[in-house]
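Trainee: my questions concern the predicted model and sequence given below.
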Amino acid sequence: MPLSSLLDLLRLFKRAGITVWLDGGWGVDALLQRQTRPHADVDIIPRVADVPKLLDLLGPLGFVLRKGQPPHVFVLGNQSGLELDIHAVIFDEQGNAIHRMENGDTWLFQAEAFTGRGILGGLTVHCLSPAAQVQCHAQGYAPTEKDLRDMELLAERFKIQLPPLLRRPDPSRSGAA
């Protein structure tokens, strides 16, 4: 997804009163305040209550359901190749958020996860905090090369200790005796 398209969408959401937090690659780039690599899609976290409004807003722009089932976890795409991976949440009174995953399990985000702020193309955006990004990337799937690179950039910039799953093997420890 080109940065210009992402910024257009974020401005559209803001005008409509829909708050979204960036997650995944664009969320990392927002925290780093620069685009570090190309992105095929954007991962966003809206409130479950905003999903109907989000769908109404994106429908006229040609976005259709590609995968999943609203309101919790689904993917929207349009004929131009833009894709939004949506992970909606419900906030509790303390600011924690519950996300119902595709398999029906729930994921609890602590309130601090939603304190991230970043900058993309001069626009200040909401995103998951650096620690929440690391936590999300360390759960449920084997990280890819781009995931490892994203996490290394976050660790370097924010002085975060990465869990073993998100660390590359140390070549100096590879059994050469």
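Mentor: Good, I have the coordinates. Residues are numbered from 1 along each chain as shown.

Trainee: what's the neighbour count on the residue nearest to Leu7 when sequence neighbours are not counted?
Mentor: In space, and not counting its chain neighbours, Leu7 is closest to Gly121: 5.0 Å by C-beta to C-beta, 6 or more residues apart in numbering. Any C-beta I mention is one placed from the backbone N, CA and C, and that applies to glycine too. For Gly121, the count of nearby residues is 13 (other C-beta atoms under 10 Å).

Trainee: need the pLDDT of Gly121.
Mentor: Note on Gly121: pLDDT of 95.

Trainee: mind listing the strands in the chain by residue range?
Mentor: 20-23, 42-46, 64-69, 73-77, 83-87, 90-91, 97-100, 106-109, 116-120, 123-127 (DSSP state E).

Trainee: the second one to strand 123-127, inter-axis angle?
Mentor: With axes from the mean of the first three to the mean of the last three C-alpha atoms, to 10 degrees defining the directions, strand 42-46 sits at 70 degrees from strand 123-127.

Trainee: OK, contacts around the closest residue to Asn78 other than its chain neighbours?
Mentor: Distances taken as C-beta to C-beta, 6+ apart put Gly62 closest to Asn78, at 4.0 Å, once the chain neighbours are dropped. By C-beta atoms under 8 Å, 6 or more residues apart in numbering, the residues touching Gly62 are Asn78, Gln79, Ser80.

Trainee: Ile18 too?
Mentor: Ile18 touches Pro46, Asp50, Lys53, Leu54, Leu57, counting by C-beta under 8 Å, 6+ apart.

Trainee: so, low pLDDT: which residues of the protein?
Mentor: 140, 170-177 (pLDDT under 70).

Trainee: look up the closest residue to the most centrally placed residue in it, ignoring the ones flanking it.
Mentor: The residue lying closest to the centre of the chain (C-alpha atoms, centre = their mean) is Asp23, at 1.3 Å. Nearest residue to Asp23 in three dimensions, chain neighbours excluded: Asp43, at 4.1 Å (C-beta to C-beta, 6+ apart).

Trainee: tell me what the one you found is bridged to.
Mentor: Asp23, Asp85 (DSSP bridges).

Trainee: that one and Leu76 touch, don't they?
Mentor: No. Between Asp43 and Leu76 there is no contact under C-beta atoms under 8 Å: 11.9 Å.

Trainee: now for these two: what residues contact both?
Mentor: Residues touching both Asp43 and Leu76 (C-beta under 8 Å, 6+ apart): Ile86.

Trainee: fine by me, thanks again.
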